[in-house]
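Visitor: coords please:
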Amino acid sequence: MDQDNKSEDESAGLSENPPEEDPPCIAPGMADGETLEMLWQLRAQRRQSAPELPETVTRLNAPDGSVLYLVGTAHFSDNSKSDVATTIRAVQPDVVVVELCQYRVSMLRMDESTLLKEAKDINLEKVQQAIKQNGLMSGLMQILLLKVSAHITEQLGMAPGGEFREAFKEAGQVPFCKFHLGDRPIPVTFKRAIAALSMWQKARLAWGLCFLSDPISKEDVEKCKQKDLLEQTMSEMIGEFPALHQTIVAERDVYLTHTLRQATRCVESPSNGQKEPAVVVGVVGMGHVPGIEQNWEKELNIQEIMTVAPPSQLSWVLRTIVKGVLLGMLGYACYRAGGGLGRTLLSWPAVQSLLGTLRLHPA
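Guide: Numbers count the residues shown, from 1 in each chain. Predicted coordinates for the structure are as follows:
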């Protein structure tokens with residue numbers, strides 16, 4: 001697994017909603033090896049050989065006999081949560097892989113009410129954090145995309161990523177099941193996306209995101225599970241910003257395929273150490289499913305989609321001018337405020353954070 005995508009392993013435990021059969025009874029004094037073997041056999045008994053799965057599930061096979069059940073989801077959907085739970089309970093996977101990276105893993109442990117509040121609350125601290133993490137232009141673009149997510153959240157009254165939290169919860173109920181983060185780190189995606197757009201395209205995209213106000217219904221979200229509607233939407237976006245589609249969708253299709261194939265490898269039996277074909281459940285947005293299917297058997301080069309090209313000379317000059325103007329405005333504000341008040345202003349964490357982002361160097 002790529003170093004940038006750390007995995008979190010969840011051991012078997014008692015569920016808040018346990019399976020129909022009674023939990024295993026572990027006798028006092030039972031050896032560790034016997035306990036592991038019993039749990040291994042228990043999972044084998046629960047695993048369905050020919051499961052009836054939702055229509056949103058695609059099955060992909062690996063050369064060593066391992067199987068991937070790819071669940072295509074809508075990120076604001078109760079039905080997607082149900083699809084994920086049904087699939088994991090039916091196939092009792094060795095690994096669950098979700099379309100998240102380590103920068104977004106916090107949503108797995110937040111409850112719905114907290115996430116709903118966070119999604120709607122875009123404050124100065126979030127802006128500072130985004131700029132510090134991704135740079136000035138990429139950070140501002142991330143804030144605009146967060147605004148889009150907040151718009152959907154407010155329209156639907158539903159926090160995003162419910163299917164990922166459902167996958168995390170269900171994986172914890174399956175003995176020996178590991179939980180992997182399968183997406184490319186979001187700073188890389190934003191930096192590559194910004195670098196791929198011209199200044200005019202950046203302005204058009206920012207304008208469109210700033211003034212997004214169309215109402216969205218739950219029925220609209222559920223329609224995203226229909227491949228024909230999704231492909232039509234994607235085609236419209238390709239025509240508008242082809243470079244953006246390449247970096248945000250197509251490149252992540254490749255990265256997700258890579259991490260899913262890494263997970264879909266034989267596993268060792270705890271009793272005798274023999275290799276057995278793995279069963280993996282992948283949870284990704286429906287828009288990534290066609291790309292993963294297309295890339296599944298291809299030779300993939302991950303390194304070329306992990307690098308960020310240095311900015312052009314013109315881009316650097318423009319950013320330097322913008323930074324210079326902001327520094328001049330801050331300096332003038334301090335001058336007008338007076339010495340003592342100016343020093344107080346410069347000591348504020350928000351201003352210090354801003355100064356940290358305005359270093360005049362080509363980065």
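Visitor: any chance you could map the strands in the protein?
Guide: Along the chain, the segments classed as strands by DSSP state E run 7-9, 57-61, 67-73, 95-98, 178-181, 267-268, 275-276, 279-285.
Visitor: Deepest-packed of these, please.
Guide: Highest mean neighbour count among the strands of the chain (mean count of other C-beta atoms under 10 Å): strand 95-98, with a mean of 28. From N, CA and C alone the C-beta is placed, and that goes for glycine too.
Visitor: Pull the residues that contact it.
Guide: Strand 95-98 has contacts (C-beta atoms under 8 Å, 6 or more residues apart in numbering) with 88, 164, 167-168, 170-171, 177-183, 259-260, 263-264, 278, 280-284.
Visitor: Each with direction, which strands does that strand pair with?
Guide: Strand pairing for strand 95-98, determined by DSSP bridges: strand 178-181 (parallel), strand 279-285 (parallel).
Visitor: Reformat the ones you listed into CSV and put distance to Tyr103 and mean pLDDT next to each item.
Guide: Formatted as CSV, the strands paired with strand 95-98 follow (distance: least, C-beta to C-beta, whole Å; pLDDT from 0 to 100):
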stretch, distance to Tyr103, mean pLDDT
strand 178-181, 10, 97
strand 279-285, 17, 96
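Visitor: Those: which one's closest to Asn295?
Guide: Proximity to Asn295 (C-beta to C-beta) singles out strand 279-285 among the strands paired with strand 95-98, at 12.4 Å.
Visitor: List the contacts of that closest one.
Guide: 47, 66-75, 84, 87-88, 91-99, 163-164, 167, 182, 256, 260, 263-264, 292.
Visitor: do that again at 6 Å, thanks
Guide: For strand 279-285, the external contacting residues (C-beta atoms under 6 Å, 6 or more residues apart in numbering) are 67-71, 84, 87-88, 91, 93-99, 163, 167, 256, 260, 263-264.
Visitor: mind putting the strands of the chain in TSV, distance to Lys191 included?
Guide: TSV is the format used below for the strands of the chain (distance: least, C-beta to C-beta, whole Å):
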stretch	distance to Lys191
strand 7-9	24
strand 57-61	30
strand 67-73	26
strand 95-98	23
strand 178-181	19
strand 267-268	35
strand 275-276	39
strand 279-285	21
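Visitor: just to revisit the earlier point, will you turn the strands paired with strand 95-98 into TSV that also has distance to Leu39?
Guide: TSV is the format used below for the strands paired with strand 95-98 (distance: least, C-beta to C-beta, whole Å):
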stretch	distance to Leu39
strand 178-181	14
strand 279-285	15
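Visitor: and of those strands, who's closest to Glu55?
Guide: Checking the strands paired with strand 95-98 against Glu55 by C-beta to C-beta gives strand 279-285 as the closest, at 15.5 Å.
Visitor: Could you export the closest one as CSV, CA atoms only?
Guide: The C-alpha trace of strand 279-285 is given here as CSV (Å, rounded to 0.1, in the frame of the first residue of the first chain):
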residue,chain,number,x,y,z
VAL,A,279,-12.4,-11.1,-0.5
VAL,A,280,-12.4,-7.3,-0.6
VAL,A,281,-15.1,-4.7,-0.5
GLY,A,282,-14.4,-1.3,-2.1
VAL,A,283,-16.6,1.7,-1.4
VAL,A,284,-16.3,4.5,-3.9
GLY,A,285,-18.4,7.1,-5.5
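Visitor: Tell me what angle it forms with strand 67-73.
Guide: Inter-element angle recorded for strand 279-285 and strand 67-73: 20 degrees (by axes from the mean of the first three to the mean of the last three C-alpha atoms, to 10 degrees).
Visitor: per-residue confidence for the spatially closest residue to Gln201 that is not a sequence neighbour?
Guide: The shortest distance from Gln201 to any non-neighbouring residue, by C-beta to C-beta, 6 or more residues apart in numbering, is to Phe241 (6.2 Å). Phe241 carries a pLDDT value of 71.
Visitor: Distance check, Phe241 against Ile194.
Guide: 12 Å (C-beta to C-beta, to the nearest Å).
Visitor: Looking at these two, which one has more neighbours?
Guide: Neighbour count, other C-beta atoms under 10 Å: between Phe241 and Ile194, Ile194 has more, with 25 against 19.
Visitor: What score does that one have for pLDDT?
Guide: 79.
Visitor: Ok, the one 3 residues further on next?
Guide: As predicted, Leu197 sits at a pLDDT of 74.
Visitor: closest to Glu268 out of the strands paired with strand 95-98?
Guide: Judging those by C-beta to C-beta, what sits closest to Glu268 is strand 178-181, at 12.5 Å.
Visitor: Tell me, how many residues neighbour Leu39?
Guide: Neighbours of Leu39 using other C-beta under 10 Å come to 18.
Visitor: Please read the previous query as pertaining to Arg192.
Guide: For Arg192, using other C-beta under 10 Å, the count is 21.
Visitor: how far away is it from Phe176?
Guide: To Phe176, Arg192 is 36 Å away according to C-beta to C-beta.
Visitor: Check Glu170 too.
Guide: 14 Å.
Visitor: which of those two has more neighbours?
Guide: The neighbour comparison of Glu170 against Phe176 (other C-beta under 10 Å) goes to Glu170, with 25 against 19.
Visitor: burial of the nearest residue to the more buried one once chain neighbours are set aside, as a residue count?
Guide: Nearest residue to Glu170 in three dimensions, chain neighbours excluded: Ile88, at 4.1 Å (C-beta to C-beta, 6+ apart). Using other C-beta under 10 Å, Ile88 is surrounded by 23 other residues.
Visitor: Quick check: Ile88 vs Val308, distance?
Guide: 35 Å.
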